[in-house]
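Colleague: Quick one, fold the following:
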Amino acid sequence: MSEFDRRTGGKHLRVRGIKAVRFAAIMKAIGLNIFRASRHWRRKTSALPPVIMLIFRFLTFWRLSRVNISMRTTAALLVAFFIAGCSAKPYVIEPKPERNPVYSHQVSVVSHGWHVGLIVSALEVNRAVPELKSRFGNAAFYEIGWGDKGFYQAQKITIGLTLQAMFWSEGAVLHVVAMADQPERYFAGEPIINTCLSDNELATLQAFVASSFAHDALGHVVALRPGIYGNSEFYDAEGRYYLLNTCNKWTAKALRSAGLDIHPMFKLSAGSVMSYLKSHRRSCSPMASDAKGTIGDRPE
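Modeller: Residues are numbered from 1 along each chain as shown. Next up, the predicted model:
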């Protein structure tokens, strides 16, 4: 209680009414926990994640000024948090507008319940990230997911790992799974939704995926360890996972880079991404489907 009062002024609340007191006390208790988390983070790195820094600065101002926080201010703070999540790496790459686009390149999203993965032709991804060809050979498709370095690679998920991923992640990884067969057979029983892209949209999707890989001093992608299932590998990735920059938001950013009018700010869950794609998917031209094969949709 002494640290709570010393850091937050918990015994000197300038609000009246039980609801206002409860709200102020809860917010200050959250702030104290964030201060403690930031101390732990500083032992490992000199820089805080953007969302933590934003909260830290806000709570410091709040503590010093002892101001009463209104609902309007709280809403403004939440909006700032969402903006911080959207401005985090990897960045969306907007495609160039096309006058008469032809949708001939098929991509898909598979849902694993809490997490979605992006499925793209291996041939197209290999053109943007040639090292994958050397690692996986003649794969037909890749499933790619982005997430927290500690949580995603963990053999056992704990509450500590979950909180670390949300508030003081140590970095991000990409999980790449190579498939020799059609995705609907590889992921039998799991929901898969496909859509189709134009040439320009495919190019910006390739660029987004390539920009999501971290590179060493020689410009090569950095393989970390074998992946979770099948013929797969973890790679060091750009960006930092946290509460508002999640694995599902990465897939939403990929779809945005692929020309879909999806708003990554509000796509934090697997269901929100799948629901959007189900309502906004595009069909490939018959010639494109015959030439490339079709990834069948499965019900959610």
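Colleague: who's in contact with Ser269?
Modeller: With Cβ atoms under 8 Å, 6 or more residues apart in numbering as the criterion, the residues that contact Ser269 are 114, 248. For glycine as for every other residue, the C-beta is placed from the backbone atoms N, C-alpha and C.
Colleague: Try it again at 10 Å.
Modeller: Contacts here follow Cβ atoms under 10 Å, 6 or more residues apart in numbering; on that basis Ser269 touches 114-116, 246, 248-249, 275.
Colleague: Buried among those? Make that a ChimeraX selection.
Modeller: For the buried members of the contacts of Ser269, the matching ChimeraX selection, counting by 16 or more other Cβ atoms under 10 Å, is:
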select :115,116,246,248,249
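Colleague: Next, format the contacts of Ser269 as a markdown table and append pLDDT, distance to Ser104 and secondary structure.
Modeller: As requested, the contacts of Ser269 are exported to a markdown table (pLDDT from 0 to 100; distance: Cβ to Cβ, whole Å; DSSP: H, G, I helix; E, B strand; the rest coil):
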| residue | pLDDT | distance to Ser104 | secondary structure |
| --- | --- | --- | --- |
| Trp114 | 84 | 32 | coil |
| His115 | 89 | 29 | coil |
| Val116 | 96 | 24 | strand |
| Thr246 | 87 | 31 | coil |
| Asn248 | 93 | 27 | helix |
| Lys249 | 94 | 27 | helix |
| Ser275 | 95 | 26 | helix |
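Colleague: Dump the contacts of Ser269 to TSV, plus distance to Arg127.
Modeller: As requested, the contacts of Ser269 are exported to TSV (distance: Cβ to Cβ, whole Å):
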residue	distance to Arg127
Trp114	31
His115	26
Val116	24
Thr246	28
Asn248	26
Lys249	25
Ser275	31
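Colleague: Out of the contacts of Ser269, which is nearest to Val107?
Modeller: The closest of the contacts of Ser269 to Val107 turns out to be Val116 (Cβ to Cβ; 12.3 Å).
Colleague: so the closest one touches Val273, yeah?
Modeller: Yes - the pair Val116 / Val273 is scored as a contact, 5.1 Å apart, by Cβ atoms under 10 Å.
Colleague: Spit out the residues that contact these two alike.
Modeller: Common neighbours of Val116 and Val273 are listed as 109, 193, 247-248, 250-252, 254-255, 267 (criterion: Cβ under 10 Å, 6+ apart).
Colleague: In helices only, show me the residues you listed.
Modeller: Counting by DSSP state H, the members of those that fall within helices are 247-248, 250-252, 254-255.
Colleague: Closest to Ala88 out of the shared contacts of Val116 and Val273?
Modeller: For the shared contacts of Val116 and Val273, the minimum distance to Ala88 (Cβ to Cβ) is 9.8 Å, reached by Trp250.
Colleague: OK, contacts around the closest one?
Modeller: If a contact means Cβ under 10 Å, 6+ apart, then Trp250 has 88-90, 116, 118, 144-147, 172, 174, 208, 212, 237, 239, 241, 264, 267, 273 as its contacts.
Colleague: Poorly predicted segments of the stretch 101-250 of the chain, please.
Modeller: Segments of the stretch 101-250 of the chain classed as low confidence (criterion: pLDDT under 70) are 155-158, 160-169.
Colleague: of the ones in helices among the shared contacts of Val116 and Val273, closest to Val129?
Modeller: Distance ranking of these against Val129, using Cβ to Cβ, places Ala254 first at 13.7 Å.
Colleague: how far away is the closest one from Pro90?
Modeller: Ala254 sits 9 Å away from Pro90, going by Cβ to Cβ, to the nearest Å.
Colleague: Ala172 now?
Modeller: From Ala172 over to Pro90 the distance is 9 Å, taken as Cβ to Cβ.
Colleague: which SSE is Gly145 in?
Modeller: Using DSSP states H and E, Gly145 falls within strand 141-148.
Colleague: Pairing partners for that strand, with directions?
Modeller: Listed by DSSP bridges, the sheet partners of strand 141-148 and their directions read strand 116-121 (antiparallel), strand 172-179 (antiparallel).
Colleague: Which other helices and strands does the next helix or strand after it contact?
Modeller: Remark: after strand 141-148, the chain's next helix or strand is helix 149-153, criterion DSSP H and E. The helices and strands touching helix 149-153, judged by 3 or more Cβ pairs under 10 Å, 6 or more residues apart in numbering; DSSP states H and E, are strand 141-148, helix 159-167, strand 172-179, strand 223-226, strand 231-237.
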